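Asks: the following comprises the amino acid sequence and a computationally predicted model.
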Amino acid sequence: MNWIQRKIFLYNVTFGLYMLEWWERYLFNILIIVLLWFAFSNGSRSAAEFYRSHVRAKLGNHGSVIVLTT
């Protein structure tokens, strides 16, 4: 059993998917993928909004870093 097969086995055992039918496993995995997609999508929007409202305002010059050379 290679590393990927062990991780899939651990996932199936942890969530109890080993006792489901193949189509029930697919439905569960699709639900998990959709929920993760929503979480990452909203998280990236929140991070972008945080950057626009807080970080860019502190940097000045509309978010550009000012480099002074001598």
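Replies: Arrived safely, thanks for sending.
Asks: name the helix or strand of this structure that has the lowest mean pLDDT.
Replies: helix 56-59 (a mean of 64; mean pLDDT, DSSP states H and E).
Asks: which helix runs longest in this structure?
Replies: helix 22-50 (DSSP state H).
Asks: which residue lies nearest the spatial centre of the chain?
Replies: By CA atoms, centre = their mean, the mean C-alpha position of the chain lies nearest to Phe40, the distance being 4.1 Å.
Asks: ok, that residue to Asn12 distance?
Replies: For Phe40, the distance to Asn12 equals 23 Å [CB to CB, to the nearest Å]. Every C-beta, even on glycine, is put in place using the N, C-alpha and C of the backbone.
Asks: where does the residue nearest to the centre of the chain land on pLDDT?
Replies: You'll see Phe40 listed with a pLDDT of 95.
Asks: what about it, distance to Gly16?
Replies: 25 Å.
Asks: not including adjacent chain positions, what is the nearest residue to Tyr18?
Replies: Closest residue in space to Tyr18, ignoring its immediate chain neighbours: Asn12 at 4.5 Å, by CB to CB, 6 or more residues apart in numbering.
Asks: tell me the phi and psi of Gly16?
Replies: phi 70, psi 20 (degrees, to the nearest 10).
Asks: can you list the low-confidence ranges for this protein?
Replies: 55-70 (pLDDT under 70).
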